[in-house]
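**Q** Using only what follows, build the 3D model:
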Amino acid sequence: MEYTFAERVRNLSGNAIREIFKVLSDKEMISFAGGMPAAQCLPAEKVKQYSGELLTENPVKMLQYGETEGYMPLRESFLRYVKNVGIEGYTVDNALIVSGGQQGIDLMFKTFCEKGDKILVQNPTYLAVLHIARTYQLNPVGFDCGEDGVDVDDLEKKIKEHRPKLVYVVPNFSNPTGKTLRLETRKKIVEIAEKYDVVVIEDDPYGRIRYAGEHLPSIKSFDKDGHVVYITSTSKTIAPALRVGLTVADERIIRKMAICKQAVDVQTVTLAQAVVERFISTGEIDRGIARSLPIYKEKAEIMLAALDKYMPESFVHTVPEGGLFIWGEFTDGTSAKAKFREALDNKVAYVSGNDFFADGSGDNTMRLNFSNATPEQIETGVKRLSAIFTK
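**A** Residues are numbered from 1 along each chain as shown. All right, here's what the predicted structure looks like:
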């Protein structure tokens, strides 16, 4: 049978990282490609304990339909928790529980954008954002990252030129670059949003994974007029498979997003929400993060040292203070994209940087993840990369 697919998906390719997962079943493969938390940081016993307690205490509540906006105790606990990043003065009417932070991004695009609209993204940006945008037939336009992740002059220039529906920013240990916005940059983004009356999506899944430097307030903390929508997730701080995140925004935006969510999954899984609420209310989320930071710090330092030791002089990289990623660039123009298949043949995987650029450029760049490999695998994997790129 010949199928006539919708125009919006007819020429849509899969997410590059999800495609790479298909080759990772090879036990000899060392992967720097994903963004998975370290296996030893996943709190399996606590998830098991809390799930059992909740199913014993209130089995019907845990297994029955719930509010689209989210499990009320979690909305309340989450709002208390985000005070850590300066987000205060909001009520549950400003909070929507989402099935992972990525659903929050999807619902924002669905709520605000029409076919052909432009959105502004960091260049490079989180590749799933580009995927979602193209699913809705939007036109993502990149603005320069600069030293800390956002070149505010270029951002303002692009807003004036393109009049975007939305601006998307990852402020802390950005995926893919690992860069973190300075305090002054965060304030300036809000000023620009107010000046041009544009909505900014602040995506903050990595903010608590800081193992160097000082924590900074969120962009949302400087927002007085509802121009910033804050999205966070527990995928990196508890477990990604729970698929629980939070959106904080003007209540009018939350209402529209909730209506859109009703048509997608009705609600985020109640048991998963209740488990996350227990992690937050007992303080276990913070204890787990504290246990994970030395692990991520060690792995990051091992990869940074290996890159400096083995990779060619033309390879430069970021030095993140947190998060899970290092961004590399070949200053001589060497194509990481062209070498990708050879890397897989040599049992090491990364993500070619061009997948993170709105215009598909960046062939000479790559994203490296260190969180889910062992220290020994990191050393061996970088040696394998070096053998490929020093030929």
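**Q** Let's verify V82: helix, strand, or coil?
**A** Of the three states, V82 takes helix under DSSP: H, G, I helix; E, B strand; the rest coil.
**Q** Could you pull out the buried residues of stretch 251-258?
**A** Burial within stretch 251-258, assessed by neighbour count using 16 or more other C-beta atoms under 10 Å, is assigned to I253, I254, K256, M257, A258. To be clear about C-beta, it is placed using only N, CA and C from the backbone, and glycine gets the same treatment.
**Q** Assess the claim that M303 and I326 are in contact.
**A** Yes. M303 lies in contact with I326 (C-beta atoms under 8 Å); the separation is 6.1 Å.
**Q** got the contact list for stretch 62-79?
**A** Under the contact criterion C-beta atoms under 8 Å, 6 or more residues apart in numbering, stretch 62-79 has outside partners 54-55, 87, 90-92, 94-97, 244, 246, 248, 254, 258, 261-262, 266-268, 270-271, 273-274, 276-277, 280-281.
**Q** Mind giving me the ChimeraX select for those, buried ones only?
**A** Buried residues within the contacts of stretch 62-79, by 16+ other C-beta under 10 Å, are selected in ChimeraX with:
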select :54,87,90,92,94,95,96,97,244,246,248,254,258,261,267,268,270,271,273,274,276,277,280
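**Q** Could you measure from the nearest residue to A306 once chain neighbours are set aside over to M303?
**A** Once flanking residues are discounted, A306 sits nearest to V382: 3.8 Å by C-beta to C-beta, 6 or more residues apart in numbering. Note on V382: its distance to M303, by C-beta to C-beta, to the nearest Å, is 7 Å.
**Q** Tell me how many other residues crowd H215.
**A** H215 has 13 neighbours, counted by other C-beta atoms under 10 Å.
**Q** next one: the one 5 residues further on
**A** Using other C-beta under 10 Å, K220 has 25 neighbouring residues.
**Q** That one contacts V248, doesn't it?
**A** Yes. Between K220 and V248 there is a contact under C-beta under 8 Å: 6.6 Å.
**Q** Now the common contact residues for these two.
**A** By C-beta under 8 Å, 6+ apart, K220 and V248 have these common neighbours: I87, V229, Y230.
**Q** The second one should be in a helix, yeah?
**A** So the one you mean is V229. No. Per three-state DSSP, V229 lies outside any helix segment and is strand.
**Q** So which of the contacts of stretch 62-79 are in helices?
**A** Residues of those located in helices (DSSP state H): 54-55, 254, 258, 261-262, 270-271, 273-274, 276-277, 280-281.
**Q** Between which two of the residues you listed is the distance greatest?
**A** L55 and I254 (29.2 Å; C-beta to C-beta).
**Q** can you give me the strands for the stretch 251-391 of the chain?
**A** 315-317, 325-330, 348-349, 351-352, 365-369 (DSSP state E, counting those that start in this stretch).
**Q** Which among these is found nearest to D148?
**A** strand 325-330 (13.0 Å).
**Q** Enumerate every residue touching T380.
**A** When contacts are taken as C-beta under 8 Å, 6+ apart, T380 is in contact with I30.
**Q** Could you check how far it is from I30?
**A** Applying C-beta to C-beta, the value for T380 to I30 is 6 Å.
**Q** Repeat that for E2.
**A** 42 Å.
**Q** who has more neighbours, these two?
**A** Comparing E2 with I30 by other C-beta under 10 Å, the one with more neighbours is I30, at 25 against 3.
**Q** from what I can see the more buried one touches A373, true?
**A** Yes. Look at I30 against A373 with C-beta under 8 Å: they come within range, at 6.1 Å.
**Q** residues shared between the contacts of the two?
**A** Common neighbours of I30 and A373, counting by C-beta under 8 Å, 6+ apart, are G381.
**Q** Grab the most central residue of the protein for me.
**A** P205 (5.4 Å; C-alpha atoms, centre = their mean).
**Q** That one and S235 touch, don't they?
**A** Yes. Taking C-beta under 8 Å as the definition, P205 is a contact partner of S235 at 6.1 Å.
**Q** Between those two, which contacts overlap?
**A** Common contacts of P205 and S235 (C-beta under 8 Å, 6+ apart): G101, G245.
**Q** Domains in this protein, by residue range?
**A** 7-43+286-389, 61-284 (automatic domain parsing).
**Q** got the end-to-end distance for the last one?
**A** To tie it back to what came earlier, the one meant is domain 61-284. 23 Å (C-alpha to C-alpha, to the nearest Å).
**Q** from now on call the first residue 11
**A** Yes, from this point I'll number from 11; that puts the last item at domain 71-294.
**Q** Which stretches in the protein count as helices?
**A** Per DSSP H, the chain has helices spanning 17-20, 26-30, 54-67, 69-73, 82-91, 111-122, 137-145, 162-172, 193-206, 261-272, 280-291, 294-320, 350-355, 385-399. These are given in chain order.
**Q** Redo these as JSON lines? Include distance to D342 and mean pLDDT.
**A** Below are these laid out as JSON lines (distance: least, C-beta to C-beta, whole Å; pLDDT from 0 to 100):
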{"stretch": "helix 17-20", "distance to D342": "38", "mean pLDDT": "86"}
{"stretch": "helix 26-30", "distance to D342": "24", "mean pLDDT": "62"}
{"stretch": "helix 54-67", "distance to D342": "45", "mean pLDDT": "98"}
{"stretch": "helix 69-73", "distance to D342": "57", "mean pLDDT": "98"}
{"stretch": "helix 82-91", "distance to D342": "46", "mean pLDDT": "98"}
{"stretch": "helix 111-122", "distance to D342": "35", "mean pLDDT": "98"}
{"stretch": "helix 137-145", "distance to D342": "25", "mean pLDDT": "95"}
{"stretch": "helix 162-172", "distance to D342": "25", "mean pLDDT": "98"}
{"stretch": "helix 193-206", "distance to D342": "30", "mean pLDDT": "98"}
{"stretch": "helix 261-272", "distance to D342": "46", "mean pLDDT": "98"}
{"stretch": "helix 280-291", "distance to D342": "46", "mean pLDDT": "98"}
{"stretch": "helix 294-320", "distance to D342": "16", "mean pLDDT": "98"}
{"stretch": "helix 350-355", "distance to D342": "18", "mean pLDDT": "94"}
{"stretch": "helix 385-399", "distance to D342": "10", "mean pLDDT": "97"}
